[in-house]
Structures are given as structure tokens and as C-alpha cells.
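J.: Structure of the sequence below:
(one chain, ligands or ions: 3)
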Amino acid sequence: MSERAGGAGGGGARRRRRELTRTYSSRDESLSLTAEWRGYCAWGYFEANDIHNNRIAGFEVKAGANPTVVHCEIHHGQTGGIYVHESGLGQFIDNKIHSNNFAGVWITSNSNPTIRRNEIYNGHQGGVYIFGEGRGLIEHNNIYGNALAGIQIRTNSDPIVRHNKIHHGQHGGIYVHEKGQGLIEENEVYANTLAGVWITTGSTPVLRRNRIHSGKQVGVYFYDNGHGKLEDNDIFNHLYSGVQIRTGSNPVIRGNKIWGGQNGGVLVYNGGLGLLEQNEIFDNAMAGVWIKTDSNPTLKRNKIFDGRDGGICIFNGGKGVLEENDIFRNAQAGVLISTQSHPVLRRNRIFDGLAAGVEITNNATATLEHNQIFNNRFGGLCLASGVSPLVRGNKIFSNQDAVEKAVGGGQCLYKISSYTSFPMHDFYRCQTCNTTDRNAICVNCIKTCHSGHDVEFIRHDRFFCDCGAGTLSNQCQLQGEPTQDTDTLYDSAAPMESHTLMVF
Ligand SMILES: [Zn+2]
Ligand SMILES: [Zn+2]
Ligand SMILES: [Zn+2]
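T.: Ligands and ions are numbered 1, 2, ... in the order given. Now for the predicted structure:
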């Protein structure tokens, strides 16, 4: 077990400094640092020790002590690996800290150690735990495979955390809670089981230029009054959303690239707030940005594009102020506003969509002022029956109006939508064929396939035609394979749950 990497050979220069320079080997004894030994930590220079199976921490540093600990292996402690408290300092460099029962490193009560280039792994709790007004410079460490968060920042602690790799944790990557702070820069946080970064309960960290990716849940999760700043990060390939904001959280999210989320790019819900500015949000499954359940974020000057579903989808009493965003090339509506929502859209450009520009349905309203809506395939602004938004000074032009053209050309609308999108059109029901109001039949199918039948108009809304889809017992006479290439229209991964409004 003795780990002598960098031992006597590398230590010559360092030995100048302290009278107490000792190298321990586990062959001599299994070191248990008693109070005395821990006292030596105050002045010591420790190199290439194997420190394990201790009842208290492997190293304890306190009261202004400033030991240097390099190339040690600190492992299988019955509590934590390194415990720095009561204004302790210390330089912990190039150590292996692993398999301890508590966190590998604890920093608390105004302590400010340097933790650099260590391997911190396989802890039975977290990697680095900073609490009770702890500080510290945590840099260039490789932190992985810990049972709790790789780094936990709690109770007014304010460390600098940079250039670390934090990965393959069985919990989240970085967990900031109970008024935690911290400057968290240029880390790579990936492949963690829960969120890459969690920010909650009055915390206000600053995260800049991190790469946060490939997590098994959310990338960055603000909840229960999580705040702080998220700037210039790359956040990508998460199995849930890239960024999630809920319950009173109000972060500033600026200049990030957010892509490859399987449940959308950004999800704001349950009273979430936030200022999202100048982000690029693209290639997400589901919506680029969801605004749901009484949330009210502000989105300014973002680019939201190449989504595999809608650009911005607003549901269930969602609000939001959307200004000067570019929303383009999304597979579904650029902006879909539904179910009692009421956002304000000003001076956005919504264009090149593969379905409609803006759709409003299900008793939603909206204020639309000075937007430009152009070159969208299904149409510019599509309003369901009973919807009457406030519309002022918009430019809606050069849309392809494929729905209107299909209706005019006698086609079944299924030909332009297949079952993957929902063109807004007049929707009928056929009593003779005994369809329910969950089966939409388009006007051309009513005229041909259901000619002479007892039919009724239901409303203008988002549906694909069930007659064309072949779900009715009588075969559709206008039917045929969809004429457009639906491969480019929809390339969605398996959804976590159905969020898309789908009414049959
Ligand atoms: Zn039809
Ligand atoms: Zn019929
Ligand atoms: Zn038909």
C-alpha cells in the first residue's frame, strides 16, 4: 500500500523549509494521526506518506496552521480524508485521496487551503465539502466516482473552484446550497448521475466558461431560490434539459451555448424566473426553451434554432418577456403559446421554421409587438378559435403558407404534416363515421371522403388529419404517403414524457 511516488528523489528542494520532514511507510505502522500527530500538521512538510484507516481525519489542519502535503495517499479513513477548520491553511498537492468514509476534503470555519492536482475519488460521501464559511482554492483536481456531490458548497462558503474535472459521481457534480457562493471557472463537469450543477436555497455562485455535459439528468439545475450567474458555459448532451429553473429561482444566464438536451434546452417551470440573455440554444429535442406553470423569465437577444421540436413553448399559465430573440429553423412552431399562458413578445425575428411561426391555442393570449415573422412553412401567425392576442406593429411576410395552399389545392393536410406535426386548420367531426372529437378531419377529407355524411365543424386548431392518417375505419381517398420529406421535419429522440400538445 505504500505509495512513494515523488518520494525522496523529488523532495530535495522542498526539504529546505521545515525541520520536521518525515516520510512514513505503512510497512512501519498503520498511521493513526492522534491529536499529537495532527498537531505536527501545523508546521510539517509531508511527502509520500501512506495514511489510512484513521479514526479521525487523515490530516487535520486548524488555527492558522499551514502544512504542505504532497504525494501522499490518504485513504480508507473512518471519517474524512483532510479536515481544515478554524482558519486553517495548508497546501495539498498531488495527493491521492480516496475511499474515505466521509468527504475526501472538508473545509470550514474561515479556512482557506489550496487543494491542487489531487486525485479525489471513490469517497463514500462527497469529494470536497466546503461549509460554514469555508473558502479554499480548489484547482486542477480530478474528482470522480464519489457517492455524493463531487464538490459541495454550503452555508456562506465562498471558494474558488477552477480547472477541475468532476465526473462519474454517483450523485451530482457540484452542489451549491444554503447561501453557498463560489467562483467556479473552467471546470469540466460530466457524466454525473444527477445534475451536473445544482444551485438552491439562496445560493449565488458565479459559473463561467465551464464545460458541463453528458449528465444523466439536468446540466445546471436552479431550484428553490437558486440564483447566481451562469456565463459563457458550454452545456450539452444531457438526458434531461440543459438548464432547469424552478420555484423562485432567478439566475442570470448569459452567453452560454446549450445543446443536445433530450428534454429541451432550458426548462423554466413552477414559478421560475431568470434573465436569459445572448445564449445560443440549439439542437435540443423537445422545446429549445420551455416556459411552464406560472413561470416568468425574461429572454433577450438569444438565438434559438435547429430545435427538434418548437423554439419556445409556453404552457400552463406561463408568462415571460421575449425581446429581440432570433428564433429559426425549428422543426415545430417558432413560438407555441398554449393553455392559459400570456407572454409578451417584442421585436423578435421568427423565421425559416418547418411549421408555423407563432401559434396560439387553448385559451392562451399574448402581446405581440413589432415582431418579424417570415418564411415559416405552415404560416406566420396561426390563431386557434377563440384566441385573440394583442397584435401591434408586427411584420408577417413571405411565409410559405403550406396549410392554406393544401386546403386551397384540395389536399388532405396529413400530406403536409404526417403524424409528426400539427397544422392549424378547420377541424371537423363525422357523425356518420362515428368519430369522436378526438379525431380531427380536415376540410378536404370532409368534402370527399365524408361527402354526404353527417358532419360538424368543431374548431380551428392544431391537429393532423385522422382521415389521412388512416386511423378511421373508412379509408381516406386523398390519402397517400406524405409528400414532403418528413425525415428533415422531425428527428426526435425518445421523449421523457409527452409535452407536445397532442389532441386526437
Ligand atoms: Zn384529411
Ligand atoms: Zn364520415
Ligand atoms: Zn380523407
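
J.: going forward, measure contacts between C-alpha atoms and count neighbours the same way
T.: Noted.

J.: mind checking how far residue 309 is from residue 443?
T.: Distance of residue 309 to residue 443, computed by C-alpha to C-alpha, to the nearest Å: 26 Å.

J.: Neighbour count for the two, which is higher?
T.: residue 309 (30 against 22; other C-alpha atoms under 10 Å).

J.: from what I can see residue 279 touches residue 265, true?
T.: No. If you go by C-alpha atoms under 8 Å, residue 279 and residue 265 don't touch, sitting 10.7 Å apart.

J.: The two: who's more crowded?
T.: residue 265 (36 against 22).

J.: contacting residues for the more buried one?
T.: If a contact means C-alpha atoms under 8 Å, 6 or more residues apart in numbering, then residue 265 has 241-243, 258-259, 281-282, 284-285, 287-290 as its contacts.

J.: Leaving out sequence neighbours, find the closest residue to residue 332.
T.: residue 310 (4.3 Å; C-alpha to C-alpha, 6 or more residues apart in numbering).

J.: re the thing from before, which residues are in contact with each of residue 279 and residue 265?
T.: Common neighbours of residue 279 and residue 265 (C-alpha under 8 Å, 6+ apart) are residue 258.

J.: In the protein, where is pLDDT below threshold?
T.: 1-43, 480-504 (pLDDT under 70).

J.: Quick check: residues of it near ligand 1?
T.: For the chain, the residues in contact with ligand 1 (C-alpha under 5 Å from the ion) are 412, 442, 445, 465, 468.

J.: The same query, at a cut-off of 8 Å, please.
T.: Neighbours of ligand 1 within the chain, by C-alpha under 8 Å from the ion: 411-414, 441-446, 464-469, 476, 478-479.

J.: Which ones, among those residues, also lie beside ligand 2?
T.: With the criterion set as C-alpha under 8 Å from the ion, the members of these near ligand 2 are residue 446.

J.: filter the residues of the chain next to ligand 1 to the buried ones?
T.: 411-414, 441-446, 464-469, 476, 478-479 (16 or more other C-alpha atoms under 10 Å).

J.: in the chain, which spans are helices?
T.: 8-11, 35-40, 402-408, 414-417, 443-447, 466-469, 486-489 (DSSP state H).

J.: Okay, whichever residue of the chain sits closest to ligand 1 and residue 465: tell me how far apart.
T.: Nearest residue of the chain to ligand 1: residue 412, at 3.7 Å (C-alpha to the ion). Separation of residue 412 from residue 465 (C-alpha to C-alpha) stands at 7 Å.

J.: hey, what's in contact with both of these two?
T.: residue 442.

J.: Now do the contacts for the closest residue to ligand 2 within the stretch 1-150 of the chain.
T.: Nearest residue of the stretch 1-150 of the chain to ligand 2: residue 149, at 59.7 Å (C-alpha to the ion). If a contact means C-alpha under 8 Å, 6+ apart, then residue 149 has 125-127, 169-175 as its contacts.

J.: could I get the residues you listed as CSV with distance to residue 248?
T.: Shown next, in CSV, are these (distance: C-alpha to C-alpha, whole Å):
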residue, distance to residue 248
125, 29
126, 27
127, 29
169, 28
170, 27
171, 24
172, 21
173, 22
174, 20
175, 18
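
J.: Give me the subset of those residues lying in strands.
T.: If you go by DSSP state E, the contacts of residue 149 have 174-175 in strands.

J.: residues near residue 171, how many?
T.: Count around residue 171 with other C-alpha under 10 Å applied: 22.

J.: Likewise for residue 363?
T.: Residue 363: 16 neighbours (other C-alpha under 10 Å).

J.: And the one 3 residues further on, by the same measure?
T.: Counted with other C-alpha under 10 Å, the burial measure for residue 366 works out to 20 neighbours.

J.: how far away is it from residue 377?
T.: Per C-alpha to C-alpha, residue 366 is found 22 Å from residue 377.

J.: before we move on, what about residue 174?
T.: Residue 174 sits 43 Å away from residue 377, going by C-alpha to C-alpha.

J.: quick one, which of those two is more surrounded?
T.: Counted by other C-alpha under 10 Å, residue 174 and residue 377 do not tie: residue 174 has more neighbours, with 28 against 24.

J.: Quick check: residues of the stretch 401-504 of the chain near ligand 2?
T.: Residues of the stretch 401-504 of the chain lying near ligand 2 (C-alpha under 8 Å from the ion): 429-435, 446, 449-451, 453-455, 474.

J.: go with 5 Å
T.: Applying C-alpha under 5 Å from the ion, we find that the stretch 401-504 of the chain lies next to ligand 2 at 430, 433, 450.

J.: Pick out whichever of the contacts of residue 149 sits closest to residue 116.
T.: Taking C-alpha to C-alpha as the measure, residue 116 sits nearest to residue 127 out of those, at 13.3 Å.

J.: wait, the closest one sits on residue 153?
T.: No. Assessed by C-alpha under 8 Å, residue 127 is found out of contact with residue 153, at 11.1 Å.

J.: Compare neighbour counts for the two and give me the winner.
T.: When neighbours are counted by other C-alpha under 10 Å, residue 127 comes out ahead of the other of residue 127 and residue 153, with 37 against 30.

J.: Leaving out sequence neighbours, find the closest residue to that one.
T.: residue 150 (4.5 Å).

J.: what's the burial count for that neighbour?
T.: 35.

J.: Give the bridge partners for residue 120, please.
T.: residue 97, residue 143 (DSSP bridges).

J.: who touches it in this structure?
T.: Residue 120 touches 96-98, 104, 127, 141-144, counting by C-alpha under 8 Å, 6+ apart.

J.: what do you get if the cut-off is 7 Å, keeping everything else the same?
T.: Applying C-alpha atoms under 7 Å, 6 or more residues apart in numbering, one finds that residue 120 lies in contact with 96-98, 104, 127, 142-144.

J.: residues contacting the closest residue to residue 301 other than its chain neighbours?
T.: Sequence neighbours aside, residue 325 is the residue nearest to residue 301 in space, at 4.3 Å (criterion: C-alpha to C-alpha, 6+ apart). By C-alpha under 7 Å, 6+ apart, the contact list for residue 325 reads 300-303, 348-349.

J.: number of nearby residues for the nearest residue to residue 56 once chain neighbours are set aside?
T.: Distances taken as C-alpha to C-alpha, 6+ apart place residue 79 nearest to residue 56, at 5.7 Å, with adjacent residues excluded. Neighbours of residue 79 under the rule other C-alpha under 10 Å: 21.

J.: What of residue 451?
T.: Residue 451 has 12 nearby residues by other C-alpha under 10 Å.

J.: And the residue of the stretch 151-300 of the chain closest to ligand 2?
T.: Closest point on the stretch 151-300 of the chain to ligand 2, by C-alpha to the ion, is residue 286, at 34.0 Å.

J.: for that residue, what are its contacts?
T.: 262-264, 308-310.

J.: and the protein, which residues reach ligand 2?
T.: Selection of the chain residues close to ligand 2 by C-alpha under 5 Å from the ion yields 430, 433, 450.

J.: Can you lay out those as CSV showing neighbour count and distance to ligand 3?
T.: Compiled in CSV, the residues of the chain next to ligand 2 are given as follows (neighbours: other C-alpha atoms under 10 Å; distance: C-alpha to the ion, whole Å):
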residue, neighbour count, distance to ligand 3
430, 20, 11
433, 14, 12
450, 22, 7
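
J.: Among these, which ones are in strands?
T.: Per DSSP E, these map to strands at residue 430.

J.: hang on, the earlier thing: buried subset of the contacts of residue 265?
T.: By 16+ other C-alpha under 10 Å, those give 241-243, 258-259, 281-282, 284-285, 287-290 as buried.

J.: I'd say residue 155 and residue 182 touch.
T.: No. Under the criterion of C-alpha atoms under 7 Å, residue 155 makes no contact with residue 182, lying 11.2 Å away.

J.: and the gap between the residue of the chain positioned farthest from its centre and residue 163?
T.: Distance from the C-alpha centroid of the chain, by C-alpha atoms, centre = their mean, peaks at residue 452 (53.2 Å). Using C-alpha to C-alpha, we find residue 452 at a distance of 72 Å from residue 163.
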